[in-house]
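Visitor: Coordinates only, no sequence provided:
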């Protein structure tokens, strides 16, 4: 997909076929292997990360475990840099996690909340894999989640994101359970 300046799109997204995990990633445009990085990050989130969380890995261990997984599978190549946001339904709770910018909006029984923006202290600084760690939240199992890379999130109508998530949830209510 051509980008705004003619470059290929460096975003990747996918949902697990069972509907219990979703991930989006945005390869950093300043690196040569951004598209590969984002694709591999999504694959890891929907594969090994989903499996260990559902098998009972305590969420508090996830940031360290994921950093080790990234180093083992991808390495420390600075040309493989990407942001990553994902959500996984586990037995009894939901884990939403991110590295970098983008939007992670959660809508649960107690209302809506947003994970803090992952942008750096400087306007053009973005936290990213392989060097930055996951931030995460644990939410009730019936929480709905909207994940978006910064390119999509920046185009949403400010203040209407919760309404969008409610509309998406209502539109997919026939799937059973809360929507990811």
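Guide: Nice, thanks for sending it over. Not measured: the values here are computed from a predicted model.

Visitor: what distance separates the start and the end of stretch 68-87?
Guide: For stretch 68-87, the first and last residues are 19 Å from each other (C-alpha to C-alpha, to the nearest Å).

Visitor: can you check stretch 67-81 too?
Guide: When the end residues of stretch 67-81 are compared by C-alpha to C-alpha, they are separated by 13 Å.

Visitor: repeat for stretch 22-34
Guide: 20 Å.

Visitor: List the buried residues for it?
Guide: Judged by neighbour count (16 or more other C-beta atoms under 10 Å), stretch 22-34 contains these buried residues: 22, 23, 24, 25, 26, 27, 28, 31, 33, 34. From N, CA and C alone the C-beta is placed, and that goes for glycine too.

Visitor: what element comes up after the longest strand along the chain heading to the C-terminus?
Guide: The strand spanning the most residues in the chain, taking DSSP state E as the definition, is strand 82-90. Past strand 82-90, further along toward the C-terminus, the next helix or strand under DSSP states H and E is strand 93-99.

Visitor: follow-up on the earlier one: elements contacting the longest strand of the chain?
Guide: The contact analysis (3 or more C-beta pairs under 8 Å, 6 or more residues apart in numbering; DSSP states H and E) places strand 82-90 against strand 21-27, helix 34-44, helix 50-54, strand 93-99, strand 103-108, strand 144-148.
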